[in-house]
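A.B. asks: give the three-dimensional model of this entry:
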Amino acid sequence: MTASFVSAVDAMDRWRGDVLTGAKLPRWQLGNGFDAVELGPGLVLLLGGAPGAGKTALAMQWVIDALRIDESLRALVANVESSPAVLLDRQLSRLSGIPLDVIRKRELTDAHGERLAGAFEILDTVGERLAFLESPFSLPNVAAAADATDAKLIVIDYAQRFAAGEGEKRHEVNKLMDYLRRFADAGCGLLVLAAVGRTKDAKGRSSYVAEGLNLASFRESSELEFGADSAYMLAPGKCNAVKLACLKNRHGEPVSVELEFDGTLQRFTTADGWRDSRDDSPTFDVSELWNLPAGGDDYAE
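C.D. replies: Just a heads-up that it's a prediction; the model follows:
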């Protein structure tokens with residue numbers, strides 16, 4: 001086997017040039033209030049949360065807004081459970097301010113015309129740079145589709161379904177992360193959604209304590225959290241409150257944010273601005289979230 005390495009002298013020459021030229025690392029803007037969330041070429045961002053927490057809704061909001069802001073960006077969404085029509089319904093609701101239920105039931109009227117036109121115009125501006133993966137939902141197909149569409153932003157929704165091989169699930173997830181890191185090394189940015197394990201308190205009740213969230217919450221793998229550059233957890237609270245808790249940031253200070261989620265419009269907005277993840281956090285009770293009807297991890301999203 002031929003040795004593969006770079007000398008410290010060569011590495012430092014390239015590094016010194018980057019430092020002295022002041023060239024900033026490329027990062028994609030994800031919309032108002034998400035400046036501290038780093039996603040760009042070469043990075044893997046892991047987003048977890050309980051069923052119904054809004055992982056898919058937040059991921060699609062980030063993708064559409066990143067495409068709107070960066071007109072050179074192209075994205076590929078690999079969603080195992082939701083069709084393009086379902087995902088687009090949600091974005092149409094978010095952008096138009098028309099309740100999702102009205103859009104899903106196709107009960108639109110002339111009164112919605114102006115708002116629909118504005119939302120369709122936004123979606124049309126990103127449509128040529130956005131693609132959705134179709135079956136088979138496999139990593140080789142993701143790679144082929146990303147090459148064919150020249151996508152630099154790839155969404156995996158969600159990790160455990162793409163790791164459903166014939167082997168033991170934990171090992172399959174580990175192989176998945178190794179594959180995704182190769183995507184990142186090739187210059188892609190990965191937004192990876194993941195299921196989380198149920199947590200229980202001392203009395204055996206299912207509950208989420210925001211300050212107790214940790215990397216072990218990601219289900220079935222240690223490689224998911226350790227292989228990612230940053231890891232976030234969506235923890236729903238009372239009413240529309242949601243905490244986007246930063247559990248890991250390999251390249252800087254972990255910063256969490258308080259959000260509000262309007263399920264009617266599938267829209268996330270910042271609540272009280274950015275807060276340090278070390279601040280005191282409220283306790284969230286999500287015992288009812290585990291009794292969702294059949295339909296997948298993000299049924300309620």
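A.B. asks: tally up the residues packed near the residue nearest to residue 90 when sequence neighbours are not counted, please.
C.D. replies: Nearest residue to residue 90, sequence neighbours excluded (Cβ to Cβ, 6 or more residues apart in numbering): residue 266, at 4.2 Å. No exception for glycine: its C-beta is placed from N, CA and C like everyone else's. Residue 266 has 25 neighbours, counted by other Cβ atoms under 10 Å.
A.B. asks: residue 149 too?
C.D. replies: The tally of other residues near residue 149 (other Cβ under 10 Å) stands at 17.
A.B. asks: same check, this time on the one 5 residues further on
C.D. replies: Other residues lying near residue 154 total 25 when counted by other Cβ under 10 Å.
A.B. asks: repeat that for residue 230.
C.D. replies: 21.
A.B. asks: please report phi then psi for it.
C.D. replies: Per-residue torsions, residue 230: phi -140, psi 150 (degrees, to the nearest 10).
A.B. asks: who does it form a beta bridge with?
C.D. replies: Taking DSSP bridges as the rule, residue 230 bridges to residue 45, residue 249.
A.B. asks: got a list of what it touches?
C.D. replies: 37-38, 43-46, 246, 248-251 (Cβ atoms under 8 Å, 6 or more residues apart in numbering).
A.B. asks: wait, what's in contact with residue 93?
C.D. replies: Residues in contact with residue 93 (Cβ under 8 Å, 6+ apart) are 99-100, 103, 264-267.
A.B. asks: could you redo the last one with a cut-off of 7 Å?
C.D. replies: 99-100, 103, 265-266 (Cβ atoms under 7 Å, 6 or more residues apart in numbering).
A.B. asks: for residue 33, same thing?
C.D. replies: By Cβ under 7 Å, 6+ apart, residue 33 lies in contact with 257, 270.
A.B. asks: ok, it to residue 58 distance?
C.D. replies: The gap separating residue 33 from residue 58 is 12 Å, by Cβ to Cβ, to the nearest Å.
A.B. asks: with residue 224 instead?
C.D. replies: Between residue 224 and residue 58 the distance is 18 Å, computed by Cβ to Cβ.
A.B. asks: also residue 105?
C.D. replies: Residue 105 is 24 Å from residue 58, by Cβ to Cβ.
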